[in-house]
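# Fold the following, please.
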Amino acid sequence: MRKVFLAESTLSLSTGMSFGRRLECARLLDGVNVDVICVCPAGDDKSDEILIKTIARQTQNAVVSVPVSDGEIDKAFFAVKDASRPRLNIKYPVSVVGMEYTMHLKPEKMLARISETIKRAKALCPDVEFTALDATRSDKAFLEKALISAKDAGANTLTLSDEAGEMLPDEFGKFVASVREYIGETMLGVIASDRLSMAEACAFEAVRAGADLIYTRCAPGTLPRLDIMVDLISARGESVGVCAEADVTALKQTAQIIAANDKANDPETAIHALPSAGEPKTLLTAQSDIQAVARAASLLGYDLSKADIAKVYERFMGIAVKKPVEPKELDAIIAAVALQVPPTYTLASYVVNSGNIITATAHVVLDRQGARVEGISTGDGPIDAAFLAIEKLIGHHYELDDFSIRAVTGGQEAAGEALVRLRDEGRLFSGRGISTDIVGAAIRAYINALNKIVYREN
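Okay, the predicted model is just below:
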């Protein structure tokens with residue numbers, strides 16, 4: 001029987017998820033052998049780039065697919081290249097409206113752009129996908145030219161995306177069958193819309209018509225639900241000669257866990273849902289008692305002592321009397337005042353070289369109780385290189401659970417605050433660093449968290 005591949009898109013769609021929750025979802029999906037894990041673009045947000053790198057390094061089985069924005073091929077590849085199976089997904093509109101109003105390109109120019117971009121991506125990454133956005137509203141003759149151009153340029157997978165969502169299942173199946181006729185044996189993917197509440201039916205008809213890859217989601221969205229698609233293929237796949245080659249029960253359970261966690265157990269969502277007196281509140285406020293703050297810290301993943309909870313609550317109240325406290329602010333408070341220990345490592349110096357035409361390198365020197373230790377490493381960007389240099393000099397890798405940077409002052413000489421959360425044997429340790437140099441802030445935050453781990457181990 002023909003295998004149907006499943007691509008899971010929750011990590012690219014669910015912006016409300018924290019860094020740690022996305023890593024955990026990626027682990028769950030990889031553990032039940034989902035074929036493709038789709039992540040967010042490697043855009044201007046440094047934390048997104050680090051998230052993709054971390055997911056790429058921890059994923060053993062699934063393809064890790066990064067969408068590529070126009071002109072962002074190098075950034076996307078450097079973020080995903082450490083995956084065991086990296087993929088670049090080139091997305092371009094193929095409808096007249098999409099081409100002219102989104103890309104400001106005429107059809108012939110669009111064909112050239114598709115071919116050129118895929119060739120550039122293919123030179124970096126052996127696995128390249130082309131997604132034809134708004135495919136169901138495109139001119140049939142132009143869609144054929146676009147898909148053939150993408151295939152000839154080296155695309156391994158061609159995907160049809162139905163933004164309009166106006167086709168009935170049988171119409172969508174006929175549309176997919178017409179494309180299958182001229183692309184040959186190339187892998188064909190489909191992104192069905194749930195606008196008419198028939199995404200799963202449309203996707204199944206697409207499979208019947210020859211589609212190989214179905215995009216799904218666990219969290220709320222417009223794509224077919226993963227658990228329903230697994231059920232459909234399990235119950236009716238044999239009748240049309242297809243199978244998913246997956247543990248149906250495990251996949252369904254994982255999809256349901258992620259869906260529930262996305263709404264109820266994500267730390268940020270959970271804090272917003274803390275019980276309140278009087279009117280429902282969306283954030284922790286000055287009316288929140290110490291038990292509410294302790295619960296919020298626990299939902300963020302921390303196991304704090306009573307003494308540390310008291311310190312956190314005291315600092316929290318100093319902020320809460322002025323304004324509500326967001327989850328990230330509570331995280332920063334915990335990093336600043338909880339688990340404070342005598343430093344085993346202090347930063348002596350660091351030198352980081354990076355640019356758009358060189359590989360980033362970092363040389364970090366730490367003082368360990370009077371002795372100098374140093375590490376040198378390359379990385380995908382200055383912060384990644386610095387963290388890897390620290391790992392080399394301490395001889396140990398700790399799982400990066402969260403990373404964020406924010407400005408704490410204004411102006412050109414603004415100070416940046418970095419927050420790093422490291423996980424060791426299931427426990428979270430957070431560190432905070434402030435500097436006018438964001439790389440320096442990140443290094444200080446990492447060392448702050450590292451000192452807490454080392455103190456506990458000793």
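# residue ranges for the helices of the stretch 201-350 of the chain, please.
Assigned by DSSP state H, counting those that start in this stretch, the stretch 201-350 of the chain shows helices spanning 226-236, 248-260, 267-272, 290-299, 306-320, 327-337.
# Can you name every helix or strand that the first one contacts?
The elements that helix 226-236 packs onto, with contact taken as 3 or more C-beta pairs under 8 Å, 6 or more residues apart in numbering; DSSP states H and E, are strand 5-8, helix 199-208, strand 213-216, helix 248-260. Any C-beta I mention is one placed from the backbone N, CA and C, and that applies to glycine too.
# Mind telling me which of the ones you listed the model trusts least?
Among these, helix 248-260 carries the lowest mean pLDDT, a mean of 77.
# quick one on the thing from earlier: looking at the helices and strands packed on helix 226-236, which is nearest to residue 102?
The closest of these to residue 102 is strand 213-216. By C-beta to C-beta, the value is 20.2 Å.
# helices and strands around that closest one, which ones?
Applying 3+ C-beta pairs under 8 Å, 6+ apart, one finds that strand 213-216 contacts strand 5-8, strand 157-161, strand 187-191, helix 199-208, helix 226-236.
# thinking again about what came up before, if you compare the helices of the stretch 201-350 of the chain, which one is most tucked away?
Highest mean neighbour count of these: helix 327-337, a mean of 21 (counted as mean count of other C-beta atoms under 10 Å).
# so what does that helix touch, helix or strand wise?
The contact analysis (3+ C-beta pairs under 8 Å, 6+ apart) places helix 327-337 against helix 267-272, helix 290-299, helix 306-320, strand 399-407, strand 416-424, strand 427-435, helix 438-457.
# Let me have these in CSV, adding mean pLDDT and distance to residue 103 as columns.
CSV is the format used below for those (pLDDT from 0 to 100; distance: least, C-beta to C-beta, whole Å):
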stretch, mean pLDDT, distance to residue 103
helix 267-272, 39, 35
helix 290-299, 84, 43
helix 306-320, 84, 45
strand 399-407, 82, 32
strand 416-424, 85, 35
strand 427-435, 84, 40
helix 438-457, 89, 33
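# Make a markdown table out of those and add distance to residue 231.
Below are these laid out as a markdown table (distance: least, C-beta to C-beta, whole Å):
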| stretch | distance to residue 231 |
| --- | --- |
| helix 267-272 | 27 |
| helix 290-299 | 31 |
| helix 306-320 | 44 |
| strand 399-407 | 33 |
| strand 416-424 | 34 |
| strand 427-435 | 36 |
| helix 438-457 | 43 |
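# Backbone torsions only: list them for the spatially closest residue to residue 321 that is not a sequence neighbour.
Ranked by C-beta to C-beta, 6 or more residues apart in numbering and with sequence neighbours excluded, the top spatial neighbour of residue 321 is residue 286, at 5.0 Å. The phi and psi values for residue 286, taken as degrees, to the nearest 10, are phi -60, psi -20.
# Now stretch 78-89: buried residues?
Neighbour-count burial for stretch 78-89 flags 78-83, 85-89 (criterion: 16 or more other C-beta atoms under 10 Å).
# one step back: nearest to residue 186, of the helices and strands packed on helix 327-337?
Nearest to residue 186, of all those, is strand 399-407, at 37.0 Å by C-beta to C-beta.
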